[in-house]
Structures are given as C-alpha cells and as structure tokens.
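*Asks:* Provided below are the primary sequence and the corresponding predicted coordinates.
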Amino acid sequence: MKNKVFKSVLEYKKSLGDWHYDPSVQSTDCQYVGRIIDLDFSKIKKKLSNKGSEHSCEIYPEDFKNGKKIPNQLDPYTIAAQKIDFFRKWYTKHNSQYTQWIDNRDELPDEFMEIKKLTKLRFSTIACFKQDPGQATPWHFDVHRAVAEKAKKINDKKENVKRYLLFLEDWHWGHFLQIGNSVLSHWKSGDIYTWNYGMYHLSCNGGIVPKWTCQITGLPTKNSLHFLKNQFEFSIKK
Ligand SMILES: [Fe+2]
C-alpha cells in the first residue's frame, strides 16, 4: 500500500490518534511535579554569559530535501519538519526569538548542574531559556534529539524521554505556556511541570519583563522527581 502523503506534520500527528486534537476538550495534558524551594535565580542570572538570540523559524540547509522544504518529505520527528509546518508562516525572526544556554554547547553556571543532579534523570541535558516580551515559541512538540540518540544506544525508546520545565522566576503578567489544552500561568519560582513525549505545546510572552525558564531532559530513573509519590518540595542545597 502506498504511504499517505501528509500536507503537514500536524496532519500526520492527527492521523496517529495520539491525542484528541480538539481545542474544546477540557483535558489536563501536563503533570505538576513539584517545586524547588531554595532556588535563587537572581544570583544565578548574574553569572550567565552574554549571548545572542536565536529564533524558532530559522531554516538550516538540512531542512531541505531534494531541493525542497516540504514537511511531508521529511521525518516528522525532526525539528526541521516542524519548523516548516504550514502555520509557521505567521512566525518570523522578529516574533519567535529566544536566548538559550545549553550545557552541551554553552557555558552554564554550576547551579544548573545541581538542578540537573536533583532531577535524577539519566543522560540529561539542561538548558536555560529566556523569552523577551513580544516573542512566542509556536505550537510544536519536542523531539529531544540528543537524549533520544542516547536512548537508542541503550535500546530504550525515544518515547520514554522526559523533559522537566522549571520556572526560574515567579509568574509575571503576559507570561504563559500551553501544553496540549492545559494553560499554565501564575507559577512560582521553582515550579516544575512535565508532559508526555510528543505532546504539542507553546510559550508566549505578551508581558513587560523577560520570561526565564529552564528545561532538563533525560531518561527517567525510578527516583526521578515525577515518580515521587506525595513529595512536591525539593531542595538543591541538601
Ligand atoms: Fe518544546
């Protein structure tokens, strides 16, 4: 049977039936993991190196196949495929900017290594993410390329890769995230959320101050924070 050609990654994802893909359903699509109670990001922030911004719509040479940048020619589980999905026409280098420090690429203050250790995720990477007012990271799902490759090497599935989203500062006006149909706002510094592999999400800053978050990605162990029953407060100083 000939494989169906999908017009977009979103259309392909809908065909999998891995979620309801209905904005009117009041579903809970993320999990509250708990809060790091002794996180002082104001101190850590001063140690971050200066670096330039990137944006979500940047097209790289590897985003082309046979001379065309058509999503259905690409593996849907690549960042490239999502970058050129149909709704991305609304997003440009002007409205999808962010600054990101990743431990396997950039210098990061030691405190991030303490956070990483606390999560008890294996083969993990950690990144600090800054989004200025007026910027959005459009509807996408994560492919966790670096950790997924490590998972493959030990015969684990990419679907088992977990990402924790950690809020580095208290919520401020105009800051929000949406995971599936769950909208997050009013968080406190140290709050951690996670969601299942492949779930669409987005992030916006329509406010007046930058939004700072951190993501830790790895393979879970039995002691990883989202598995701890009845424990919602964590400390990095212990
Ligand atoms: Fe993401």
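*Replies:* In hand now; what should we look at? Residues are numbered from 1 along each chain as shown.

*Asks:* Report all helices and strands that the helix or strand that residue 117 is a member of contacts.
*Replies:* According to DSSP states H and E, residue 117 maps onto helix 111-119. Secondary structure elements in contact with helix 111-119, counted by 3 or more C-beta pairs under 8 Å, 6 or more residues apart in numbering; DSSP states H and E, are helix 41-47, strand 121-131, strand 211-220. (Each C-beta comes from the backbone N, C-alpha and C, glycine too.)

*Asks:* where do the strands sit along the chain?
*Replies:* 31-36, 54-55, 97-102, 121-131, 135-140, 162-167, 175-179, 182-184, 191-194, 201-205, 211-220, 233-234 (DSSP state E).

*Asks:* what's next to the second one, contact-wise?
*Replies:* The set of residues external to strand 54-55 that reach it, using C-beta atoms under 8 Å, 6 or more residues apart in numbering, is 92-93, 96-100.

*Asks:* do the same with the fourth one
*Replies:* By C-beta under 8 Å, 6+ apart, the list of residues contacting strand 121-131 from outside reads 48, 97-104, 108, 112-113, 115-116, 137, 146-147, 150-151, 162, 164, 168, 203-205, 210-221, 224.

*Asks:* go on, the first one?
*Replies:* Residues from elsewhere that reach strand 31-36 (C-beta under 8 Å, 6+ apart): 115, 118, 164, 166, 188, 190-195, 225-226, 228, 231-236.

*Asks:* Can you mark which positions in that strand are buried?
*Replies:* For strand 31-36, the neighbour count (16 or more other C-beta atoms under 10 Å) marks 33-36 as buried.
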